[in-house]
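Chemist: sequence plus the predicted model coming up.
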Amino acid sequence: MSGYVLCQVKKAERPYYIENISTNIYSIEELCFYLYHNIYLLDATILGEELCFWIRDELGLKKLASKLYALLDQEPVKAGDFILPIFKEINYLSLEEFRKLNQQIQRLAQEPEALRQKMKGDYLMEHSKYVNAIRIYQKALGMRLSDQEEKQLGSQFAGEIYHNMGCAYVRLFQMEEAVACFEKAYETLHTMTVIRSLLCALYMDQGQEAFEKRAKELGLQEAQREQLLEQIRQEQQRLYETAEGRKVRQALEKKAEGKPEEYREMMEEILKQLAGEYHRSTGY
């Protein structure tokens, strides 16, 4: 971005909450940074009345808020038109920078809505917003595609979404849901990536016996199974090195020791914590 001069705009006492990435914004500079780096997330959840009112009431930028509010009469609201006045308020971008950004937004707008939702979900996955990513993936899967869109996206499109959604469930330690997603993905994607993800989740959910049974059904030879099993154990180790993972591992140890009550109590506590993260990540 070009070197811009920060205008003397007050910092908000009450932040604007960005639901998709669970972030509070206190200044117009922070807002510009978000808009520039999160074009996949520019939708009605941010380009709406609430943002206009926040700019007016918290930042004191009444003219800017009025200009943005007038743009809401457009159906649909054009993201490029909406964010340009915000950037101009503090000269955040050069004209060339904004031209390139606007071209990127226009290209994105021309894609099928289901693909835009998948890209949004993928973006949230990259930023560890797994609950929100799952919600977006489910929305994409529920969309009715035209014949032209089905031809454009291909028969494997749904499989790609199911695979990525399964990965999100793995990160939330919901292995049963992950296995179900990977099985759906395998219906159209017979790739080693999907097979590895499926067997990894199955191993973590049901153990080595279930892993061996499904691996044989999928046609993996013994050498392949052994190699994959070693990779899965390494992945499991990395996953369990996270704070939540360590708690899950401790709970599983209690189960293995024949202490089901302690196991259930620990898992309930973990699920309660994940539920709290869910509410923080969705704003509800």
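Modeler: On my side now, so go ahead.

Chemist: tell me the secondary structure for Y17?
Modeler: Three-state call for Y17 (DSSP: H, G, I helix; E, B strand; the rest coil): strand.

Chemist: and it, how many residues sit next to it?
Modeler: Using other C-beta atoms under 10 Å, Y17 has 13 other residues around it. All C-beta spots, glycine's among them, are computed from the backbone N, C-alpha and C.

Chemist: which residues touch the closest residue to it other than its chain neighbours?
Modeler: Once flanking residues are discounted, Y17 sits nearest to N24: 5.7 Å by C-beta to C-beta, 6 or more residues apart in numbering. Counting by C-beta atoms under 8 Å, 6 or more residues apart in numbering, N24 makes contact with 15-18.

Chemist: which residues are in contact with V194?
Modeler: Per C-beta under 8 Å, 6+ apart, neighbours of V194: 159, 163, 182, 185-186.

Chemist: so what's the residue count around Q106?
Modeler: Neighbour tally, Q106, other C-beta under 10 Å: 12.

Chemist: you'd agree it is up against G80?
Modeler: Yes - Q106 lies in contact with G80 (C-beta atoms under 8 Å); the separation is 6.7 Å.

Chemist: returning to that earlier point: the contacts of V194 into CSV, with extra columns for secondary structure, neighbour count and pLDDT?
Modeler: Converted to CSV, the contacts of V194 look like this (DSSP: H, G, I helix; E, B strand; the rest coil; neighbours: other C-beta atoms under 10 Å; pLDDT from 0 to 100):
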residue, secondary structure, neighbour count, pLDDT
G159, helix, 21, 95
H163, helix, 23, 96
F182, helix, 27, 97
A185, helix, 27, 96
Y186, helix, 18, 96
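
Chemist: those residues: which two are farthest apart?
Modeler: G159 and F182 (9.8 Å; C-beta to C-beta).

Chemist: and the spatially most central residue of the chain, how far from A168?
Modeler: Nearest residue to the geometric centre of the chain (C-alpha atoms, centre = their mean): L124, 2.4 Å. Separation of L124 from A168 (C-beta to C-beta, to the nearest Å) stands at 9 Å.

Chemist: what do you get for I134?
Modeler: Counting by C-beta to C-beta, the gap from I134 to A168 is 5 Å.

Chemist: could you do L61 as well?
Modeler: On the measure of C-beta to C-beta, L61 and A168 end up 37 Å apart.

Chemist: higher neighbour count, these two?
Modeler: A168 (25 against 22).

Chemist: and that one, what helix or strand is that in?
Modeler: Here A168, judged by DSSP states H and E, is contained in helix 157-171.

Chemist: which neighbouring elements make contact with that helix?
Modeler: Contacts defined by 3 or more C-beta pairs under 8 Å, 6 or more residues apart in numbering; DSSP states H and E place helix 157-171 against helix 113-126, helix 130-141, helix 175-186, helix 192-206.

Chemist: related to what we said a few turns ago, what sits against the residue nearest to the centre of the chain?
Modeler: L124 sits next to 20-21, 41, 130, 132-133, 136 when contact means C-beta under 8 Å, 6+ apart.

Chemist: now render those residues as TSV, adding pLDDT and distance to E96.
Modeler: As requested, the contacts of L124 are exported to TSV (pLDDT from 0 to 100; distance: C-beta to C-beta, whole Å):
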residue	pLDDT	distance to E96
N20	72	28
I21	73	27
L41	84	24
Y130	89	36
N132	88	33
A133	92	33
I136	93	32
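
Chemist: tell me where the model's unsure across the stretch 1-150 of the chain.
Modeler: For the stretch 1-150 of the chain, applying pLDDT under 70 flags the ranges 1-9.

Chemist: ranges for the helices of it?
Modeler: 28-37, 49-57, 62-71, 79-89, 95-109, 113-126, 130-141, 147-153 (DSSP state H, counting those that start in this stretch).

Chemist: buried set for the second one?
Modeler: Neighbour-count burial for helix 49-57, with 16 or more other C-beta atoms under 10 Å as criterion, is recorded at 51-52, 54-56.

Chemist: what do you get for the shortest one?
Modeler: Neighbour counts over helix 147-153 (16+ other C-beta under 10 Å) mark 149, 153 as buried.

Chemist: quick one: the helix or strand hosting K216 to helix 192-206, angle?
Modeler: K216 belongs to helix 208-217 when assigned by DSSP H and E. Orientation check (axes from the mean of the first three to the mean of the last three C-alpha atoms, to 10 degrees): helix 208-217 against helix 192-206 gives 150 degrees.
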